[in-house]
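Visitor: fold the following for me, if possible:
(chains A and B)
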Amino acid sequence: AQKITQTQPGMFVQEKEAVTLDCTYDTSDQSYGLFWYKQPSSGEMIFLIYQGSYDEQNATEGRYSLNFQKARKSANLVISASQLGDSAMYFCAMRDYTGNQFYFGTGTSLTVIP
Amino acid sequence: KAGVTQTPRYLIKTRGQQVTLSCSPISGHRSVSWYQQTPGQGLQFLFEYFSETQRNKGNFPGRFSGRQFSNSRSEMNVSTLELGDSALYLCASSSIPGQGALDYGYTFGSGTRLTVV
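Guide: Have a look, this model is predicted:
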């Protein structure tokens, strides 16, 4: 069975600093995708970044980068130059080989301090 | 282009009633998935529809059902509501399901927040 673990219920970061949100996963599949979503208080899940299991390069999308360590089964999200608008819940998720559903972690609440 | 539209945004129902939630996917998207989000259980997969057929179902009781129409709009229904059904219900659409992990064209709506009293 697939499992996503986020061990940081809450994180604080100073504005303009970088922050790393941790995510580990467990799967026996060889082909899978790893995702990070941001959920502000409005509720919408906003896609941030994607990493395929066969991708050799770490994914980057603007201020977001994914530190993918396949052997350790970790997919940490790094947000550089934090902004006040980054305050939200962040979810790590995985889609399995069949792609039929997402498996989500429990989320990390990020607060950016001015 | 318009995103995924979920209606209503907020809903208050009484225990024992039934409720229907609606999801209109992005134009051209034919796959719709539903998720339940609660503080205790987190985000859990309910079901996925493609071309009016349910392709996959999560581990929820039969009180939870859904359907998809020919225009790809989807509805989910919860009968005999319980207090524990209070949650944010999220809908996500994608163009084609089953492309596996390489397809990340999933777009979520803002959800319907259901409160059962």
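Visitor: contact residues of chain A facing chain B?
Guide: A:31-33, A:35, A:37, A:42-47, A:50, A:52-53, A:91, A:93, A:95-107 (CB under 8 Å from any CB of the partner chain). Where C-beta positions appear, they are placed from N, C-alpha and C, glycine not excepted.
Visitor: filter those residues to the buried ones?
Guide: A:31-33, A:35, A:37, A:43-45, A:47, A:50, A:52-53, A:91, A:93, A:95-97, A:99-107 (16 or more other CB atoms under 10 Å in any protein chain shown).
Visitor: count of neighbours near residue 114?
Guide: Reading this off chain A. 6 (other CB atoms under 10 Å in any protein chain shown).
Visitor: looking at chain B here, not the other one
Guide: 20.
Visitor: so what's it up against?
Guide: Residues near B:L114 by CB atoms under 8 Å, 6 or more residues apart in numbering or on different chains: B:L11, B:I12, B:K13, B:V19, B:L21, B:V78, B:D85, B:S86, B:A87, B:L88, B:Y89.
Visitor: out of the residues you listed, which touch chain A?
Guide: B:L88.
Visitor: can you add pLDDT and secondary structure and give the contacts of B:L114 back as CSV?
Guide: Listed next are those as CSV, based on pLDDT from 0 to 100; DSSP: H, G, I helix; E, B strand; the rest coil:
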residue, pLDDT, secondary structure
B:L11, 97, strand
B:I12, 98, strand
B:K13, 98, strand
B:V19, 98, strand
B:L21, 98, strand
B:V78, 98, strand
B:D85, 97, helix
B:S86, 98, coil
B:A87, 98, strand
B:L88, 97, strand
B:Y89, 98, strand
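Visitor: looking at the contacts of B:L114, which is nearest chain A?
Guide: Lowest distance from chain A to the contacts of B:L114 (CB to the nearest CB) belongs to B:L88, with 5.6 Å.
Visitor: element containing the residue nearest to B:M76 when sequence neighbours are not counted?
Guide: Nearest residue to B:M76, sequence neighbours excluded (CB to CB, 6 or more residues apart in numbering or on different chains): B:G66, at 4.2 Å. Following DSSP states H and E, one finds B:G66 within strand B:64-68.
Visitor: just the CA atoms of that strand, as CSV, please.
Guide: Output in CSV follows, covering the C-alpha atoms of strand B:64-68 (Å, rounded to 0.1, in the frame of the first residue of the first chain):
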residue,chain,number,x,y,z
PHE,B,64,-21.6,7.8,-0.7
SER,B,65,-22.4,7.6,-4.3
GLY,B,66,-21.7,9.5,-7.5
ARG,B,67,-22.4,9.8,-11.1
GLN,B,68,-21.1,11.6,-14.2
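Visitor: and that strand, what does it pack onto?
Guide: Secondary-structure packing of strand B:64-68 (3 or more CB pairs under 8 Å, 6 or more residues apart in numbering or on different chains; DSSP states H and E): strand B:42-50, strand B:53-57, strand B:74-78.
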